[in-house]
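K.L.:
Requesting a structural model of the entry that follows:
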Amino acid sequence: MIKNLLKKYKKNHLVRDNVTLFLSNLLMGLFVFLYHFYMGRVLGPALYSVIGVIQSIVYIFNIPLTAVQTGIAKFTSGFKIKNKFGEIKYLFKSSLKKLVIFGIIGMVLFIAVSSLIASYLKIEFKLLLMLSPFVVFILIVAMERGMLQGLQKFKGFGVNLITEGSSKLFLGVILVLIGLSVSGAITAIILSYIAALLVGYYALKRILRKEKEKKFNTKEVYKYSIPVILVLIGLTAMYTIDVLLVKHFFPDVEAGHYAAVATLGKILFFGSYSITQVMFPKVSEYYHKKKPYKHLLYKSLLMMLAFLTPITIIYFLFSKIIIKLVYGSAYLDVAGLLGWFAVVMGLFSLIYTISFYNLSINKTKFLYLLFLYNVVEIILIYLFHETLLQVVTILLILMLSLFIIMFLQAIFSKDGKTINNNTSAQ
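P.N.:
Below you'll find the model as predicted:
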């Protein structure tokens, strides 16, 4: 029986690749969790609120990161299907040059607006100045991960993720221990991306070194990235706006408490994120081959529920123990919010997966819906922010309604098989 299960595991690429990337994301998540565990305890709620804000800014910059990664992954996947590895090598070299230039421009612009951001969020300007170099590194890391994802080299992808997480933890602990406090925590974030960049370059160099470059028009790659960026702005805003507005409206200690709950809640998203990463190139491949692909979405959502449900139940049952264990007694005031925030992030994880399913089959009309929900979220939090519970309740209602709408749209949309039949009929 065990032999049969192993055979099925080896043959089922969706399950096998999901397990590989899930374990990699799990390890990365563990390292990031320990990073926040250490920072939350050592720095205390007030200073930890600064780390929460910095992390939210990093998430916002993940928009171009994931957009670049998604665009590169989609085109790499298309070239891989046709065995056009020369084009993949050209895509790598061309993208590297352009992204370094875009990254430097982005860094300069970020520095230019940092004083305004620092004033609004009530943090020191020098901390944002320290953070600015990561804008360059994050884009290159995104390109490398997109190429590994498109090639379906999930082991190399996994090593890249683990490198980032472990570097952030160990360097962060060392730098804080020697007395650098919040500055040390931020420096560790920058260095973790440099480490991931080097590991990703090594993995791709081994894959592409034997290939000869073959030029092609790269405009389509960046043209595709535009709707991806817009989708990611809408998605990222959903789980960062609340943290930023709480930091603006609430005292530092309460903002630190909320940052702790938000960080624990995001474990559900980042823990299940690998399922979306595996699904995307596979659905894209089936779409290009005009094969039925909707079943890949259903399987991916079921895998996510299998991961999300037990963690959400644990968060509800043991919220006080988890908060006390991770952050200490100083954060117990928000233990009652933990389970509900887990539900919020669980629903967001499902929304994220459906969004990338739509992108993989070139559907972008759901963008209007995402931006509508962003606007509603901002308005509601601006109007109702007397307590942290009000903020979480707003998020819960919005996420649940958005998931229902998007899931129903996915169910009633055409599958590859239907498209094929229609094409044949014509």
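
K.L.:
next helix or strand past the helix or strand hosting I354?
P.N.:
Per DSSP states H and E, I354 falls inside helix 338-360. Later in the chain than helix 338-360, the nearest helix or strand by DSSP H and E is helix 367-383.

K.L.:
picking up where we left off before, dump the helix holding I354 to CSV, keeping only the CA atoms.
P.N.:
In CSV, the C-alpha atoms belonging to helix 338-360 read as follows (Å, rounded to 0.1, in the frame of the first residue of the first chain):
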residue,chain,number,x,y,z
LEU,A,338,-6.4,36.0,16.7
GLY,A,339,-8.9,33.4,15.6
TRP,A,340,-11.0,35.9,13.6
PHE,A,341,-7.9,37.4,12.0
ALA,A,342,-7.0,33.8,11.0
VAL,A,343,-10.4,33.5,9.2
VAL,A,344,-9.7,36.9,7.5
MET,A,345,-6.3,35.7,6.2
GLY,A,346,-7.7,32.3,5.2
LEU,A,347,-10.3,33.9,3.1
PHE,A,348,-7.7,36.2,1.6
SER,A,349,-5.5,33.2,0.7
LEU,A,350,-8.4,31.7,-1.3
ILE,A,351,-9.1,35.0,-3.0
TYR,A,352,-5.4,35.3,-3.9
THR,A,353,-5.4,31.8,-5.5
ILE,A,354,-8.5,32.6,-7.6
SER,A,355,-6.9,35.9,-8.7
PHE,A,356,-3.8,34.1,-10.0
TYR,A,357,-5.9,31.4,-11.6
ASN,A,358,-7.6,34.2,-13.6
LEU,A,359,-4.2,35.7,-14.5
SER,A,360,-3.0,32.4,-15.7
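
K.L.:
can you state the direction angle for it and helix 367-383?
P.N.:
On the basis of axes from the mean of the first three to the mean of the last three Cα atoms, to 10 degrees, helix 338-360 is oriented at 150 degrees to helix 367-383.

K.L.:
Report all helices and strands that helix 338-360 contacts.
P.N.:
helix 13-81, helix 219-238, helix 252-288, helix 294-317, helix 319-326, helix 388-411 (3 or more Cβ pairs under 8 Å, 6 or more residues apart in numbering; DSSP states H and E). Where C-beta positions appear, they are placed from N, C-alpha and C, glycine not excepted.

K.L.:
now these as CSV including distance to F102, mean pLDDT and mean neighbour count?
P.N.:
Output for the helices and strands packed on helix 338-360, formatted as CSV (distance: least, Cβ to Cβ, whole Å; pLDDT from 0 to 100; neighbours: other Cβ atoms under 10 Å):
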stretch, distance to F102, mean pLDDT, mean neighbour count
helix 13-81, 8, 79, 21
helix 219-238, 10, 77, 18
helix 252-288, 23, 83, 23
helix 294-317, 31, 91, 17
helix 319-326, 37, 87, 16
helix 388-411, 31, 92, 17
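
K.L.:
Mind putting those helices into TSV with distance to I140?
P.N.:
As requested, the helices and strands packed on helix 338-360 are exported to TSV (distance: least, Cβ to Cβ, whole Å):
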stretch	distance to I140
helix 13-81	9
helix 219-238	15
helix 252-288	18
helix 294-317	28
helix 319-326	32
helix 388-411	32
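
K.L.:
Quick one: closest of these to R206.
P.N.:
helix 13-81 (15.7 Å; Cβ to Cβ).

K.L.:
just checking, next helix/strand downstream of that closest one?
P.N.:
Per DSSP H and E, the first helix or strand lying C-terminal to helix 13-81 is helix 85-121.

K.L.:
Does that next one pack against any helices or strands, and if so which?
P.N.:
Using 3+ Cβ pairs under 8 Å, 6+ apart, helix 85-121 sits against helix 13-81, helix 125-131, helix 134-150, helix 181-208, helix 241-249.

K.L.:
How far away from the center of its chain is the fourth one?
P.N.:
Centroid separation for helix 181-208 versus its chain: 16 Å, with Cα atoms, centre = their mean, to the nearest Å.

K.L.:
for it, which positions count as buried?
P.N.:
Across helix 181-208, burial judged by 16 or more other Cβ atoms under 10 Å covers 182, 184-197, 199-201, 203-204, 207-208.

K.L.:
Could you check how far the nearest residue to F137 once chain neighbours are set aside is from V228?
P.N.:
In space, and not counting its chain neighbours, F137 is closest to Y193: 4.0 Å by Cβ to Cβ, 6 or more residues apart in numbering. Distance, Y193 to V228, using Cβ to Cβ, to the nearest Å: 20 Å.

K.L.:
now for the helices and strands packed on helix 338-360, which one comes closest to G346?
P.N.:
Comparing these by Cβ to Cβ, helix 294-317 comes nearest, at 4.2 Å.

K.L.:
hmm, who's touching that closest one?
P.N.:
Residues outside helix 294-317 that contact it (Cβ atoms under 8 Å, 6 or more residues apart in numbering) are 14, 18, 22, 264-265, 267-268, 271-272, 275-276, 278-279, 282-283, 286, 322, 338-339, 341-343, 346, 349-350, 353-354, 357, 410, 413, 415-416.

K.L.:
Look up how far S192 lies from S167.
P.N.:
For S167, the distance to S192 equals 4 Å [Cβ to Cβ].

K.L.:
what about the nearest residue in space to T276 that is not next to it in sequence, neighbour count?
P.N.:
Nearest residue to T276, sequence neighbours excluded (Cβ to Cβ, 6+ apart): T353, at 4.7 Å. As a burial measure, T353 scores 24 neighbours (other Cβ atoms under 10 Å).

K.L.:
T353 contacts I275, doesn't it?
P.N.:
Yes. Using Cβ atoms under 8 Å, T353 is in contact with I275, at 6.7 Å.

K.L.:
shouldn't Q390 be in contact with F384?
P.N.:
Yes. Under the criterion of Cβ under 8 Å, Q390 makes contact with F384 at 4.9 Å.

K.L.:
S167 and A188 touch, don't they?
P.N.:
Yes. Using Cβ under 8 Å, S167 makes contact with A188 at a distance of 7.3 Å.

K.L.:
Can you name the residues that contact the residue nearest to T276?
P.N.:
Here T353 is in contact with I275, T276, M279, L297, S300, L301, M304 (Cβ under 8 Å, 6+ apart).
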